[in-house]
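# Only the shape, not the letters, is given here:
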């Protein structure tokens, strides 16, 4: 019996659409379902996940309710209102689970539908030893740092020291709640992601890195949709 409950938080608060469609990316269809359905499926079917919450923009609460009704999900317990910024969706989840006990909070982008059970398992196992966990893959490109004028190369960091962050990002509840509690007292708080908030406001907390997968891509541009569809087809053949 596990002492800590594992709560997956699916972050679907975005309303923008860089892919050029009139609806948010998480509601686009790929491989027979909406993107968010694929994403929730992975967590709902994972044996290590105890509960799933979806954080959605208030404009799309009704749509998410309809999607939840037509799916046989057993672990989706809450549909929460998100905000205009990503960190507002995280805060919504933190507030919703206040008093729930010091559970593991596993935050995942709704538009990363190809996350694997292996990644989720490794993240949860890492939380047995660490208070915070990130998922990342080695960068294949040379990353350049530009100058303040944004016109010239300033530095070129060593590529072997760089990683491209993915999700899930996972934390003990107390850690992420305390980090955002401190962040909200900072008038200059600017959110990058949840790990960034922990790094800045709780620098003594070590964030363990779980190896991600190249296929765990985020739907950002129009071209990504066809790539995700192809990856689903390849996966279905194995």
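Now that the structure is in, tell me what you want to look at. Keep in mind that what you see is a predicted model, and the values were worked out from it rather than measured. Numbering: from 1, shown residues only.
# Just the buried residues of the top strand by length along the chain, please?
Longest strand of the chain, by residue count under DSSP state E: strand 163-172. For strand 163-172, a neighbour-count test (16 or more other CB atoms under 10 Å) marks 163, 166, 167, 168, 169, 170, 171, 172 as buried. From N, CA and C alone the C-beta is placed, and that goes for glycine too.
# now swap in stretch 196-212 and tell me
For stretch 196-212, by 16+ other CB under 10 Å, it's 196, 197, 198, 199, 200, 201, 202, 205, 207, 210, 212.
# how about the residues you listed in JSON lines, adding secondary structure?
Formatted as JSON lines, the buried residues of stretch 196-212 follow (DSSP: H, G, I helix; E, B strand; the rest coil):
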{"residue": "196", "secondary structure": "helix"}
{"residue": "197", "secondary structure": "helix"}
{"residue": "198", "secondary structure": "helix"}
{"residue": "199", "secondary structure": "helix"}
{"residue": "200", "secondary structure": "helix"}
{"residue": "201", "secondary structure": "helix"}
{"residue": "202", "secondary structure": "coil"}
{"residue": "205", "secondary structure": "coil"}
{"residue": "207", "secondary structure": "strand"}
{"residue": "210", "secondary structure": "strand"}
{"residue": "212", "secondary structure": "coil"}
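# Now the two most distant members of those.
For those, the farthest-apart pair by CB to CB is 201 and 212; their separation is 24.3 Å.
# closest to residue 116 among the buried residues of stretch 196-212?
So of the buried residues of stretch 196-212, ranked by how close each gets to residue 116 (CB to CB), first place is residue 212, at 9.3 Å.
# can you list the weak-confidence ranges in this protein?
1-2, 16-20 (pLDDT under 70).
# Which single helix of it contains the most residues?
helix 222-236 (DSSP state H).
# That one packs against which elements?
strand 29-30 (3 or more CB pairs under 8 Å, 6 or more residues apart in numbering; DSSP states H and E).
# Which strands or helices does the strand it packs on pack on?
helix 222-236.
# Residues contacting the helix it packs on from elsewhere in the structure, which ones?
19-20, 28, 30-31, 35, 38, 113-114, 215, 217-219 (CB atoms under 8 Å, 6 or more residues apart in numbering).
# out of those residues, which are inside strands?
Per DSSP E, the contacts of helix 222-236 map to strands at residue 30.
# Take the contacts of helix 222-236 and lay them out in a markdown table including distance to residue 59 and neighbour count.
Formatted as a markdown table, the contacts of helix 222-236 follow (distance: CB to CB, whole Å; neighbours: other CB atoms under 10 Å):
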| residue | distance to residue 59 | neighbour count |
| --- | --- | --- |
| 19 | 18 | 17 |
| 20 | 19 | 7 |
| 28 | 16 | 18 |
| 30 | 22 | 21 |
| 31 | 25 | 17 |
| 35 | 17 | 25 |
| 38 | 22 | 22 |
| 113 | 21 | 27 |
| 114 | 26 | 23 |
| 215 | 30 | 16 |
| 217 | 26 | 18 |
| 218 | 21 | 16 |
| 219 | 19 | 24 |
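# Just the ones of the contacts of helix 222-236 in helices?
35, 38.
# tell me the contacts of the closest residue in space to residue 182 that isn't next to it in sequence?
Distances taken as CB to CB, 6 or more residues apart in numbering place residue 201 nearest to residue 182, at 4.1 Å, with adjacent residues excluded. Residue 201 makes contact with 179, 180, 182, 183, 186 under the criterion CB under 8 Å, 6+ apart.
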